[in-house]
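Chemist: Build me a model from this:
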Amino acid sequence: MSLQKLIEHLDKNFFNPAEYKGEEIYQAVLDFKKAQDEEYKTLKTENKLTFGKFRGFTIKELTKTMKGKDYCRWLLKQEWFTEKFDDLIEEMAKYNIKKN
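Modeler: Sure, this is the predicted structure:
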């Protein structure tokens with residue numbers, strides 16, 4: 001979840017800061033979180049990245065460009081990634097993307 005996205009959402013839905021009310025802001029945050037959770041579930045279901053600068057892309061799509069392949073290799077060097085995303089690591093291996 002991006003703080004910038006939350007700020008944009010609040011700006012879009014609450015034009016006058018002087019009129020902000022605690023309950024409305026709280027509800028807006030809850031709505032935003034719900035939308036983010038739904039987007040995450042959709043991306044996960046479609047086997048798309050749920051994080052990072054290539055969020056919304058599949059591994060297959062990333063392997064079509066050098067920049068995407070480099071990103072995959074970079075991910076494989078990140079400890080947090082290798083601990084959490086076995087399914088994506090397996091997908092990368094199908095396209096011969098391996099840790100250098």
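
Chemist: What does residue 52 show for phi and psi?
Modeler: Main-chain dihedrals, residue 52, degrees, to the nearest 10: phi 80, psi -180.

Chemist: Spit out the contact partners of it.
Modeler: Residue 52 is in contact with 71, 75, counting by CB atoms under 8 Å, 6 or more residues apart in numbering. Just so you know, the C-beta spots here come from the backbone N, C-alpha and C atoms, and that holds for glycine as well.

Chemist: Find me the pLDDT at it, would you?
Modeler: Residue 52 is assigned 92 on the pLDDT scale.

Chemist: can you tell me which helix in this structure is longest?
Modeler: Longest helix of the chain, by residue count under DSSP state H: helix 22-45.

Chemist: who touches whichever helix or strand comes after that one?
Modeler: Counting by DSSP states H and E, the element after helix 22-45 in chain order, helix or strand, is helix 59-62. With contacts defined as CB under 8 Å, 6+ apart, helix 59-62 is touched by 47, 49, 54, 68-69, 71-72, 88, 91-92, 94-95, 97.

Chemist: tell me the contacts of the residue most central in space within the chain?
Modeler: Centre of the chain computed as the mean C-alpha position; nearest residue by CA atoms, centre = their mean is residue 51, 2.8 Å away. Going by CB under 8 Å, 6+ apart, residue 51 touches no other residue.

Chemist: Distance check, it against residue 72.
Modeler: Using CB to CB, to the nearest Å, we find residue 51 at a distance of 13 Å from residue 72.

Chemist: And the closest residue to residue 97 other than its chain neighbours, how far from residue 54?
Modeler: Leaving aside its chain neighbours, residue 97 sits nearest to residue 72 (4.5 Å; criterion: CB to CB, 6 or more residues apart in numbering). Distance of residue 72 to residue 54, given as CB to CB: 9 Å.
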